[in-house]
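here's a sequence, model it:
(4 chains)
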2 protein chains.
Amino acid sequence: MTETVDTAGTTGTVRAPGAAGTAGAPRPGLRERKKQRTRDALLRAALELFTTQGYERTTVDEITEAVDVSQRTFFRYFAGKEDVALFLQRLAESHFIAAVRERPPHEAPLEALRRAVLESWDTIGEAIEEVVPIELHMRTYRLIESTPALLAVHLRRSEETEEEIARLIAGREGLDVDADPRPRIAVAVFGGVMRVTGRLWGAGEDTSVEAIRELTATYLDHVGPALAEKWGTAPR
Amino acid sequence: MTETVDTAGTTGTVRAPGAAGTAGAPRPGLRERKKQRTRDALLRAALELFTTQGYERTTVDEITEAVDVSQRTFFRYFAGKEDVALFLQRLAESHFIAAVRERPPHEAPLEALRRAVLESWDTIGEAIEEVVPIELHMRTYRLIESTPALLAVHLRRSEETEEEIARLIAGREGLDVDADPRPRIAVAVFGGVMRVTGRLWGAGEDTSVEAIRELTATYLDHVGPALAEKWGTAPR
DNA sequence: GAGGCTAGTGACAGCCGCTGACAATTGACA
DNA sequence: TGTCAATTGTCAGCGGCTGTCACTAGCCTC
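Presented below is the predicted three-dimensional model:
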């Protein structure tokens, strides 16, 4: 009953060219390097165009002309326009998931999640800088928040991520995701707060990492109060 | 910097033909009635086709052929394919918002939200039945959950709804949404839980209203436990 | 009840995202 | 160097969506 989607090229893993892997990374070879270059060029050109002219107003042809490849090639690297635009988001998401995985098992679920985000805020920067300037990433982030079509896909992806995290948490706690509601609920709550902070951050002036870290921390602290029976008129 | 979207036709209010409004509802007139009929026919045909053949595999031409109008006409009634598919969702959302508005102001935020959903689960049925058979609506709901493109847009809309609700809550409590984090957080938490329950409901067997009511209630009850420092291994 | 006004429709043309198919090119490797 | 396989370009075509314009049919006035 489910529609087949089969996302193209990008779906796979996200490269991390920086530190060579421990074992089998025997230098890519010319062909591979060329591919990387093309992909990066397409990515950069696309984001640059999107953020300057707007997402909808940029055609795939413009992107490919800027990189001087055929349109067909573009679609072999990326599943579509949306896919390029959200490329860095995926990178960030997988970073976060990895961070959660590495949290020591004794931490309480929300504690682990909290530390994982805060931590990944710090490290994600480098990973991105290897592909495009972070400043471009920032602009892209705001673009996503303000472009309905992109935001929609972004949110759907977030939900998928949440499901994955929920399973992780359930695993940590030795529970069955489908039997115990708590993992999914906890993650949903967490995800909800993350989205709110993300949105506010994107809308605000201060786009620094410190800003988002602080916003995240204080908003997470406010979950308890927000769920209180009666709100004292003293918010914070 | 924001992209212009200008959603077409449907964007406006959702009709509620049942009880005639208190004052100015002086019988639509032939032209208006014809329009309603065309819109309903398009909606019904679209949902029927979507749910039987799949969303992507249904073309707009097929829909318009079934109703015997030109393709152009379709796009004058609905902003696009997605728009028809999500038409009933919008109706449900506005119902929920209305329900929240009518909650007595002495109820605590989450209490009000909780009662509003449970209540609207009961009343939404009739409103829908006036346009299409509920059974078709159920099928459509599951379709949305299982069709990435539709789910994406649905989630974005949910976020918009959340923002609206957050402002409502803030209003009730006499707070400023932008100064106090609690309204948005509370709504985000609530929305997160709603999405989880909705998803599980759609995936499960029992598509009855009772099922979703119960699921909603118990999941909301588990928010507290899910946020607890240490999870006792006895969930529920 | 005739005629003017305007909302709603159909027909046509065209842009853009995206895909399949096939031929041409170019790195990899013996 | 020649063969094999991966990448790419070209071409053709579908489907969603929009602008334009002429035409039809309710509606309203005299």
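
when you work out contacts or count neighbours from here on, use the C-alpha atoms and nothing else.
Fine.

so A:Leu88 touches A:Ile128, yeah?
Yes. Under the criterion of C-alpha atoms under 8 Å, A:Leu88 makes contact with A:Ile128 at 7.2 Å.

sec struct for A:Arg103, please.
Of the three states, A:Arg103 takes coil under DSSP: H, G, I helix; E, B strand; the rest coil.

pretty sure it contacts A:Ala116?
Yes. The pair A:Arg103 and A:Ala116 qualifies as a contact (C-alpha under 8 Å) at a distance of 7.1 Å.

the more surrounded of these two?
A:Ala116 (20 against 17; other C-alpha atoms under 10 Å in any protein chain shown).

for the most centrally placed residue in chain A, give me phi and psi.
Centre of chain A computed as the mean C-alpha position; nearest residue by C-alpha atoms, centre = their mean is A:Gln89, 3.0 Å away. In this entry, A:Gln89 is assigned phi and psi values of phi -60, psi -40 (degrees, to the nearest 10).

from A:Arg139, how far off is it?
In this structure, A:Gln89 and A:Arg139 are 12 Å apart, going by C-alpha to C-alpha, to the nearest Å.

how close does A:Asp61 get to A:Val67?
For A:Asp61, the distance to A:Val67 equals 10 Å [C-alpha to C-alpha].

quick revisit: anything in contact with each of A:Leu88 and A:Ile128?
Common neighbours of A:Leu88 and A:Ile128 (criterion: C-alpha atoms under 8 Å, 6 or more residues apart in numbering or on different chains): A:His137.

more neighbours, the two?
It is A:Leu88, of A:Leu88 and A:Ile128, that has more neighbours when counted by other C-alpha under 10 Å, with 21 against 18.

how would you label the more buried one: helix, strand or coil?
Here A:Leu88 is helix, with the state taken from three-state DSSP.

residues in contact with the residue nearest to the centre of chain A?
Neighbouring residues of A:Gln89 by C-alpha under 8 Å, 6+ apart: A:His154.

in chain A, where is pLDDT below threshold?
Low-confidence segments of chain A, defined by pLDDT under 70, span residues A:1-27, A:233-236.

what about the longest helix in it?
helix A:148-173 (DSSP state H).

now that one against helix B:148-173, angle please.
Note on geometry: by axes from the mean of the first three to the mean of the last three C-alpha atoms, to 10 degrees, helix A:148-173 and helix B:148-173 are set 90 degrees apart in direction.

what's downstream of helix A:148-173, the next helix or strand?
Per DSSP states H and E, helix A:148-173 leads on to helix A:182-203 as the next helix or strand towards the C-terminus.

now do the buried residues in that next one.
Of the residues in helix A:182-203, those buried under the neighbour-count criterion (16 or more other C-alpha atoms under 10 Å in any protein chain shown) are A:182-198, A:201-202.

just to revisit the earlier point, who's more crowded, A:Asp61 and A:Val67?
Using other C-alpha under 10 Å as the criterion, A:Asp61 and A:Val67 rank with A:Val67 on top: 19 against 15.

now the more buried one: how far from A:Leu175?
Using C-alpha to C-alpha, we find A:Val67 at a distance of 50 Å from A:Leu175.

A:Ile128 too?
Going from A:Ile128 to A:Leu175 by C-alpha to C-alpha gives 35 Å.

which secondary structure elements does the longest helix of chain A contact?
The elements that helix A:148-173 packs onto, with contact taken as 3 or more C-alpha pairs under 8 Å, 6 or more residues apart in numbering or on different chains; DSSP states H and E, are helix A:81-85, helix A:87-101, helix A:134-146, helix A:182-203, helix B:148-173.

phi, psi of A:Thr207?
Per degrees, to the nearest 10, the residue geometry at A:Thr207, taken as phi and psi, is phi -100, psi 20.

what number of residues lie near it?
By the other C-alpha under 10 Å criterion, the neighbourhood of A:Thr207 contains 15 residues.

now do the one 5 residues further on
By the other C-alpha under 10 Å criterion, the neighbourhood of A:Ile212 contains 19 residues.

wait, it sits on A:Arg199?
No. With contact taken as C-alpha under 8 Å, A:Ile212 and A:Arg199 are classed as non-touching, separated by 10.2 Å.

which parts of chain A sit against DNA strand D?
On the criterion C-alpha under 7 Å from any atom of the strand, DNA strand D has as its neighbours in chain A the residues A:31-32, A:34-35, A:38, A:68-73, A:76-77.

neighbour-wise, which one of those residues leads?
Ranked by neighbour count (other C-alpha under 10 Å), those have A:Tyr77 at the top, with 21 neighbours.

surely that residue is in contact with A:Ala41?
No. With the criterion set as C-alpha under 8 Å, A:Tyr77 and A:Ala41 do not qualify as a contacting pair; they are 11.1 Å apart.

return the set of buried residues in stretch A:48-62.
Judged by neighbour count (16+ other C-alpha under 10 Å), stretch A:48-62 contains these buried residues: A:48-51, A:54-55, A:58, A:60.

among these, which are within reach of DNA strand C?
When C-alpha under 7 Å from any atom of the strand is applied, the members of the buried residues of stretch A:48-62 adjacent to DNA strand C are A:58, A:60.

inside helices: which ones of the buried residues of stretch A:48-62?
Assignment to helices by DSSP H places the following of the buried residues of stretch A:48-62 there: A:48-51, A:60.

measure A:Pro109 to chain B for me?
From A:Pro109 across to chain B, the span is 8 Å (C-alpha to the nearest C-alpha, to the nearest Å).

next, count neighbours for that residue.
Using other C-alpha under 10 Å, A:Pro109 is surrounded by 27 other residues.

which residue, neighbours along the chain excluded, lies closest to it?
Nearest residue to A:Pro109, sequence neighbours excluded (C-alpha to C-alpha, 6 or more residues apart in numbering or on different chains): A:Ile169, at 6.5 Å.

isn't the one you found right up against A:Ile185?
No. Here A:Ile169 does not reach A:Ile185: they are 10.8 Å apart, not a contact under C-alpha under 8 Å.

burial of A:His222, as a residue count?
Residues lying near A:His222 (other C-alpha under 10 Å) number 19.

for A:Ala152, that is, sorry about that
A total of 23 residues lie near A:Ala152 under the criterion other C-alpha under 10 Å.
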